[in-house]
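Engineer: Sequence unavailable; structure follows:
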Ligand code: F55
């Protein structure tokens with residue numbers, strides 16, 4: 001009753017509309033503002049309780065927060081689903097239409113950014129006082145479309161609409177300097193920046209389950225600093241005045257669309273320093289409001305670096321402690337280290353950030369001096385330490401490692417490889433520093449929110465406790481032999497598949513058979529993730545179906561989703577090949593409904609929420625040793641998909657939890673991969689040993705899927721023969737055979753269902769609540785402030 005009035009009031013007073021003239025957008029914003037009002041109560045209470053308890057606060061620094069839509073999340077966390085649905089219906093509006101009107105906040109590339117978003121949800125649900133700090137990009141990850149099968153990128157424009165959830169904080173504004181020179185006098189240093197940009201805070205409340213606790217996601221936007229411009233202007237230096245204005249406008253303009261670094265870009269370094277410096281100033285201001293001794297900082301502040309992107313936090317905090325608080329360098333460095341921890345997300349050498357000393361010296365001259373001091377101190381204590389400064393570059397991984405008291409990998413296997421490879425030498429010097437925190441996912445978004453039919457089934461069976469204590473799902477194992485429950489479980493999956501089929505039919509004009517196996521690979525397009533291997537297997541299956549059209553084939557829908565970095569040409573070729581092959585196969589009357597390929601464009605969080613609940617089979621097929629963890633793998637298994645996968649990243653731990661008999665394993669191990677690469681001509685040998693693969697590669701090379709342009713894929717096929725670094729060819733046969741095993745199991749639906757149920761029931765450990773408890777205990781020394 002009051003919800004309805006509240007919405008009408010918001011419509012009238014905040015949007016200046018009456019119900020007769022309101023658009024879907026107006027209704028959505030009005031509803032969002034009403035929900036935001038509700039959250040504010042929780043939020044204020046949490047802030048008050050935090051000040052009263054004066055606990056250690058957690059600061060999660062991340063260049064990326066891949067949030068997606070917020071409206072359903074807010075409604076669910078506030079437990080207002082029924083209230084909102086009733087009010088919207090009484091207002092004569094359609095709930096789904098309103099909810100689906102919200103654009104995704106796509107302020108991230110992929111797994112790393114999505115992990116940050118799941119962590120924010122868990123921190124709030126657990127009642128740990130925390131801030132997420134990042135950049136308020138005007139344009140998030142680009143929008144993808146396909147033109148003749150090729151990826152086309154368009155700027156993303158979420159902020160052209162009102163972002164209903166945030167509060168601008170004009171009072172939280174900081175001056176961020178760049179360039180200039182350093183003045184050394186009487187043994188102390190003073191940095192005189194040549195340019196200044198203002199950072200302004202925008203806060204989005206992050207409310208946990210049941211509205212019990214609220215934290216803040218604080219995103220910085222860049223604005224020109226008027227006074228500095230005036231100074232240059234008055235000096236007659238009009239160019240400098242214009243420059244800082246232009247710099248300010250570009251800094252928070254756009255998210256870099258690369259998920260492996262395209263390093264050396266000056267603007268990227270400025271973005272990194274911009275948000276890191278603003279965040280450090282902000283947290284120090286909060287600390288100093290309540291404490292007078294800066295030396296106690298590590299007792300109240302834990303700063304987590306999400307990869308090396310904010311690694312300049314180390315030198316920045318040292319700079320403030322030394323230059324502004326007068327601490328000696330040899331005290332400032334260890335004090336800073338006690339505040340900082342660093343998460344590594346990749347072993348790929350091309351993704352390890354480096355900045356040229358020249359660029360660093362020009363952009364952040366005082367920081368370069370401090371990095372030299374950090375290097376010197378560490379080298380003095382550990383003469384055989386690897387260097388931060390190397391061949392004229394600043395290596396950010398080494399810097400982050402040396403300035404952190406804990407360094408963590410994101411799965412058990414990845415952490416072992418971090419110890420053995422990228423940081424082997426530093427690990428020898430600091431054997432207690434590297435620890436593991438296996439990633440997790442929030443069950444609120446990735447089961448409760450995205451899969452209502454399964455949510456209801458589970459809650460009816462075991463109650464609602466699983467939402468905040470996911471291990472309770474183990475109780476579902478008792479239902480393994482309960483035929484009625486298994487039927488209901490599979491009916492829920494089928495309902496999701498029908499919904500997805502309807503959506504694909506409407507948006508892409510492809511009709512799908514909901515009884516076919518839905519086989520899904522959704523993630524960034526990368527050679528190491530091996531979408532190409534999946535596609536080659538599809539072509540091989542198509543060949544065999546055509547050779548033997550009367551056999552009892554298991555019908556399959558191959559679903560792909562994902563974006564390629566705009567400059568990653570091999571990945572873009574793979575996208576085009578998927579689309580070219582789809583054209584040919586989808587039009588083939590011989591295979592008909594038994595084999596289809598669909599690749600809906602512009603994969604994002606919202607699309608993941610549609611696809612994952614409808615999946616039967618989850619493709620987690622990276623070259624072993626390359627996928628640090630994966631988190632999509634967890635979302636699928638939680639929603640009752642079986643995994644076909646390699647022993648890579650968190651697949652290893654998922655398989656341990658669900659049981660080896662409920663996981664389709666194939667392929668070389670990380671050790672075998674390294675070993676195989678030492679064999680000369682390994683890929684040509686693998687191809688020659690596989691007539692099936694030879695035939696597929698022959699068809700692609702001949703132009704079977706691009707008759708107008710038969711040489712289109714010569715490069716790609718040649719690459720597989722000559723330098724198949726990710727071992728697509730070596731794992732192909734074992735992958736194909738394992739797919740046929742999956743076909744067999746799918747033919748006996750009861751068996752498939754029992755395996756799927758065990759997957760859902762075994763995924764409790766992969767809740768990001770467990771992960772965050774691990775960080776809080778092992779790294780941050782932070783506690784929940786939630787009164788029990
Ligand atoms: C983004 C920008 C740069 Cl410059 C480098 C990397 C990235 C990025 O997005 N990395 C990323 O997503 N890494 C992924 O992190 C996930 C969370 O830990 C892992 O699950 C996944 O294996 C890893 O690839």
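Structural biologist: That came through fine. No experiment lies behind these values; they were computed from the predicted model shown.
Engineer: Could you use CA atoms for every contact and neighbour count after this?
Structural biologist: Noted.
Engineer: For stretch 51-67, what is the spacing between the initial and final residues?
Structural biologist: Distance between the two ends of stretch 51-67: 28 Å, counting by Cα to Cα, to the nearest Å.
Engineer: and the next element down the chain from the longest helix along the chain?
Structural biologist: The longest helix of the chain (DSSP state H) is helix 24-53. Following helix 24-53 in sequence order, the next helix or strand is strand 57-61 (DSSP states H and E).
Engineer: Tell me what angle that following strand forms with helix 24-53.
Structural biologist: Here strand 57-61 runs at an angle of 140 degrees relative to helix 24-53 (axes from the mean of the first three to the mean of the last three Cα atoms, to 10 degrees).
Engineer: So which residues make contact with the helix or strand following strand 57-61?
Structural biologist: Tracing the chain C-terminally past strand 57-61 and defining elements by DSSP H and E, one meets strand 65-68 next. Contacts to strand 65-68, defined as Cα atoms under 8 Å, 6 or more residues apart in numbering, come from residues 103-110, 113-117, 134, 604-606.
Engineer: quick revisit: other SSEs contacting the longest helix of the chain?
Structural biologist: On a contact count with 3 or more Cα pairs under 8 Å, 6 or more residues apart in numbering; DSSP states H and E, helix 24-53 meets helix 2-13, helix 71-77, helix 95-99, strand 195-207, strand 214-224.
Engineer: Please spell out which residues along it are buried.
Structural biologist: Residues of helix 24-53 classed as buried: 24-36, 39-40, 42-43, 46-47, 49-50 (neighbour count, 16 or more other Cα atoms under 10 Å).
Engineer: what angle separates that helix from helix 2-13?
Structural biologist: Going by the same axes, to 10 degrees, helix 24-53 makes 110 degrees with helix 2-13.
Engineer: Low-confidence regions, the stretch 201-350 of the chain specifically.
Structural biologist: Filtered on pLDDT under 70, the stretch 201-350 of the chain yields the residue ranges 227-233, 241, 261-264.
Engineer: ok so, going back, can you redo the helices and strands packed on helix 24-53 as a markdown table with mean neighbour count?
Structural biologist: Listed next are these as a markdown table, based on neighbours: other Cα atoms under 10 Å:
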| stretch | mean neighbour count |
| --- | --- |
| helix 2-13 | 17 |
| helix 71-77 | 22 |
| helix 95-99 | 16 |
| strand 195-207 | 24 |
| strand 214-224 | 25 |
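Engineer: In helices, which of the contacts of strand 65-68 fall?
Structural biologist: Short answer: the contacts of strand 65-68 in helices (DSSP H) are 113-117, 605-606.
Engineer: interface residues of this protein facing the ligand?
Structural biologist: Contact residues, the chain versus the ligand (Cα under 6 Å from any ligand atom): 109-112, 115, 258-261, 345-346, 351, 410, 627-631.
Engineer: List only buried entries from these.
Structural biologist: Of the residues of the chain next to the ligand, these count as buried by 16+ other Cα under 10 Å: 109-112, 115, 258-261, 345-346, 410, 627-631.
Engineer: what packs against the helix or strand residue 416 falls within?
Structural biologist: Residue 416 belongs to helix 412-420 when assigned by DSSP H and E. Other elements packing on helix 412-420 under the criterion 3+ Cα pairs under 8 Å, 6+ apart are strand 406-409, strand 434-436.
Engineer: let's go with 10 Å and repeat that
Structural biologist: Packing partners of helix 412-420 (3 or more Cα pairs under 10 Å, 6 or more residues apart in numbering; DSSP states H and E): strand 406-409, helix 424-429, strand 434-436, helix 651-658.
Engineer: So for the last one, mean pLDDT?
Structural biologist: Averaging pLDDT along helix 651-658 yields 98.
Engineer: Can you name the element that comes right after that helix?
Structural biologist: strand 664-665.
Engineer: Please apply the same query to the shortest one.
Structural biologist: Counting by DSSP H and E, the next helix or strand C-terminal to strand 434-436 is helix 443.
Engineer: Please work out the average pLDDT along that following helix.
Structural biologist: When pLDDT is averaged over helix 443, the result is 98.
Engineer: Okay, strands next: where are they in the stretch 251-400 of the chain?
Structural biologist: 301-306, 340-343, 354-356, 389-390, 393-395 (DSSP state E, counting those that start in this stretch).
Engineer: Give me whichever of the ones you listed is most buried.
Structural biologist: Each of these was scored by mean neighbour count; the highest is strand 340-343, a mean of 27, by mean count of other Cα atoms under 10 Å.
Engineer: Run the chain-centre distance for that strand.
Structural biologist: 17 Å (Cα atoms, centre = their mean, to the nearest Å).
Engineer: for stretch 597-604, same thing?
Structural biologist: Its chain's C-alpha centre and that of stretch 597-604 lie 18 Å apart, by Cα atoms, centre = their mean.
Engineer: How about stretch 595-604?
Structural biologist: 20 Å.
Engineer: Just the buried residues of that stretch, please?
Structural biologist: Neighbour-count burial for stretch 595-604 flags 595-604 (criterion: 16+ other Cα under 10 Å).
Engineer: Same question for stretch 475-482.
Structural biologist: Quick answer for stretch 475-482 (16+ other Cα under 10 Å): 476-477, 479-480.
Engineer: for these, which one is nearest residue 183?
Structural biologist: residue 476 (66.8 Å; Cα to Cα).
Engineer: Assumed the closest one was part of a helix.
Structural biologist: Yes: counting by DSSP: H, G, I helix; E, B strand; the rest coil, residue 476 falls inside a helix.
Engineer: you'd agree it is up against residue 764?
Structural biologist: No: using Cα atoms under 10 Å, residue 476 is not in contact with residue 764, being 11.1 Å away.
Engineer: where's stretch 21-33 relative to the chain centroid, distance-wise?
Structural biologist: 29 Å.
Engineer: For the ligand, what's its nearest residue on the stretch 401-550 of the chain.
Structural biologist: At 5.5 Å from the ligand, residue 410 is the closest residue in the stretch 401-550 of the chain, using Cα to the nearest ligand atom.
Engineer: Could you list the domains of this structure?
Structural biologist: 1-53+71-103, 56-69+108-138+156-439, 443-458+482-669+727-762 (automatic domain parsing).
Engineer: what mean pLDDT would you report for the shortest one?
Structural biologist: It refers to domain 1-53+71-103. Per-residue scores along domain 1-53+71-103 average to 96.
Engineer: Distance from that domain to the middle of the chain?
Structural biologist: How far domain 1-53+71-103 lies from its chain's middle: 27 Å, per Cα atoms, centre = their mean.
Engineer: Same check on the second one?
Structural biologist: Put simply, domain 56-69+108-138+156-439 sits 18 Å off its chain's centre (Cα atoms, centre = their mean).
Engineer: how long is that domain end to end?
Structural biologist: 23 Å.
Engineer: Please enumerate the helices of the stretch 201-350 of the chain.
Structural biologist: 226-235, 238-251, 266-290, 297-300, 313-319, 329-339 (DSSP state H, counting those that start in this stretch).
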